[in-house]
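*Asks:* Here is a sequence with its predicted model. Questions after.
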Amino acid sequence: MRIGVVTFPGSNCDEDTVLAVAKVGATPVRLWHKAHDLEGSEIIVLPGGFSYGDYLRSGAIARFSPIMQEVMAHANAGRPVIAICNGFQIACEAGLLPGALLRNDSLKFVSDMVPLRVENADTMFTHKYAKGQVLRIPVAHGDGRFTADADVLARLEGEGQVVFRYVNAGGTADAQSNPNGSMHDIAGIVSAQGHVIGMMPHPERALDRMLGSTDGLPFFESLLARVAA
Amino acid sequence: MTRYRVAVHIVPRRGLLDPQGKAVADALRSLGFPGVEDVHVGRHIVAEVQAADAASAEQSVRAMCAKLLANPVTEDFEIAGVNAA
């Protein structure tokens, strides 16, 4: 299974993602943002970082990188895309996912291990979790406040497109446990067709007990099992 | 063709939480400006473009706003000025 990891100028989680892909038994394919070829990748990851220095808005310029045309075609053909952190910002700017990610309400960068509740365990990315399961996954971002208009929020909630929500350690959503002020405590969403996931937390950093959590493993295992099937 | 400087104001959409604007408003009040009701922090962009006339210079910058300079989900923009450079 070939998993393409895109590097934009300013990406900084691409190496972690390449290591994560290898760790779960897939073949990482490094893709430079100026390339026009996904080199046979069956899954694409848009990793975290600060593409183009977050100039103008996070993700706004990366969204027009040459490789994004190929990524859009890949997504429009119903093939999987994982958009993590800055990747989520890029995917929203590109219209692969609805909404936008704005400055954290605290105006501070947050770097922390946070509890997430699995809201939908029927997606290709989450079927190895249980609905309602509380995971521990790290966040590290300054612009993570998911924002969308009321119609979009209602559709996301109604269609089960909210996949992960920030909660407290007991699994209950409350204002103190939301690290960025995101609407409805949303941490991750999937596209209407279910094959593009965007999330601010970093599952690729939760694969090793030494780093504090292995709760990211079922995320990658879910997808590999589904794509291989 | 003439060179025009086209200025754009881009501001957070009214009604959306604007923590930066709120922090600046709080700071202004604590500095002794009690009349401050609200502050919105946005961006001011000046594009220098070649165009046949002022109207087409403005039109091309409006297209730039729709495509890149402003986020249609969270921001509004207005042309603040079009001047021959």
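*Replies:* All right, it came through fine. Residues are numbered from 1 along each chain as shown, chains lettered A, B, ... in the order given.
*Asks:* Tell me if I'm right that B:I45 and B:A7 touch.
*Replies:* Yes - applying C-beta atoms under 8 Å as the test, B:I45 and B:A7 come out as touching, 7.3 Å apart. Placement of C-beta: from N, CA and C, glycine included.
*Asks:* Looking at those two, which is more packed in?
*Replies:* Taking B:I45 and B:A7 together and counting by other C-beta atoms under 10 Å in any protein chain shown, B:I45 has the greater number of neighbours (18 against 15).
*Asks:* how many neighbours does residue 77 have?
*Replies:* By default, I'm working from chain A. The tally of other residues near A:A77 (other C-beta under 10 Å) stands at 8.
*Asks:* Switch to chain B, please.
*Replies:* A total of 21 residues lie near B:F77 under the criterion other C-beta under 10 Å.
*Asks:* Need the three-state assignment for it.
*Replies:* Look at B:F77: counting by DSSP: H, G, I helix; E, B strand; the rest coil, its state is strand.
*Asks:* Just list whatever residues bridge to it.
*Replies:* Beta-bridge pairing for B:F77 (DSSP bridges): B:I10.
*Asks:* For whichever residue of chain A sits closest to chain B, give me its contacts.
*Replies:* Going by C-beta to the nearest C-beta, chain B is nearest to A:A100 of chain A, at 4.3 Å. Applying C-beta atoms under 8 Å, 6 or more residues apart in numbering or on different chains, one finds that A:A100 lies in contact with A:C92, A:E93, A:F146, A:T147, A:A148, B:N71, B:V73, B:T74.
*Asks:* now the closest residue in space to it that isn't next to it in sequence, what's its secondary structure?
*Replies:* Sequence neighbours aside, B:V73 is the residue nearest to A:A100 in space, at 4.3 Å (criterion: C-beta to C-beta, 6 or more residues apart in numbering or on different chains). Secondary structure assignment for B:V73 (three-state DSSP): coil.
*Asks:* now A:R165
*Replies:* When the rule is three-state DSSP, A:R165 gets the label strand.
*Asks:* Next: A:G53.
*Replies:* helix.
*Asks:* That one contacts A:G10, doesn't it?
*Replies:* Yes - A contact is recorded between A:G53 and A:G10 when judged using C-beta under 8 Å, the distance being 5.7 Å.
*Asks:* so what pLDDT did the residue of chain A most remote from its centre get?
*Replies:* Relative to the average C-alpha location in chain A, and by C-alpha atoms, centre = their mean, no residue lies farther out than A:G170, which sits at 23.3 Å. Predicted confidence (pLDDT) for A:G170: 96.
*Asks:* Leaving aside the residues adjacent along the chain, what's closest to it?
*Replies:* If the residues on either side of it in the chain are set aside, A:G170 comes closest to A:V134, at 7.9 Å by C-beta to C-beta, 6+ apart.
*Asks:* do A:G142 as well
*Replies:* For A:G142, ignoring the flanking residues on the chain, the nearest one in space by C-beta to C-beta, 6+ apart is A:F109 at 4.3 Å.
*Asks:* Pull the contacting residues for residue 39.
*Replies:* Using chain A here. Counting by C-beta under 8 Å, 6+ apart, A:E39 makes contact with A:R2, A:G4, A:V29, A:L31.
*Asks:* was after chain B, sorry
*Replies:* For B:V39, the contacting residues are B:G21, B:K22, B:V24, B:A25, B:L28, by C-beta under 8 Å, 6+ apart.
*Asks:* Let's see that with 7 Å instead.
*Replies:* Shown here is B:V39, whose contacts under the criterion C-beta atoms under 7 Å, 6 or more residues apart in numbering or on different chains are B:G21, B:V24, B:A25, B:L28.
*Asks:* Which of those residues fall in helices?
*Replies:* If you go by DSSP state H, the contacts of B:V39 have B:G21, B:V24, B:A25, B:L28 in helices.
*Asks:* Distance of the closest residue to B:D53 other than its chain neighbours relative to B:V8?
*Replies:* Take B:D53 and drop its neighbours on the chain: the residue closest to it by C-beta to C-beta, 6+ apart is B:T2, 7.4 Å away. For B:T2, the distance to B:V8 under the criterion C-beta to C-beta, to the nearest Å works out to 19 Å.
*Asks:* Same drill for the two, tell me which one is more crowded.
*Replies:* Comparing B:T2 with B:V8 by neighbour count (other C-beta under 10 Å), the higher total belongs to B:V8, at 22 against 13.
*Asks:* Tell me how far that one lies from A:A192.
*Replies:* Note on B:V8: its distance to A:A192, by C-beta to C-beta, is 33 Å.
*Asks:* Could you do A:D174 as well?
*Replies:* A:D174 sits 29 Å away from A:A192, taking C-beta to C-beta as the criterion.
*Asks:* Could you do A:L116 as well?
*Replies:* The value you get for A:L116 to A:A192, if C-beta to C-beta is used, is 22 Å.
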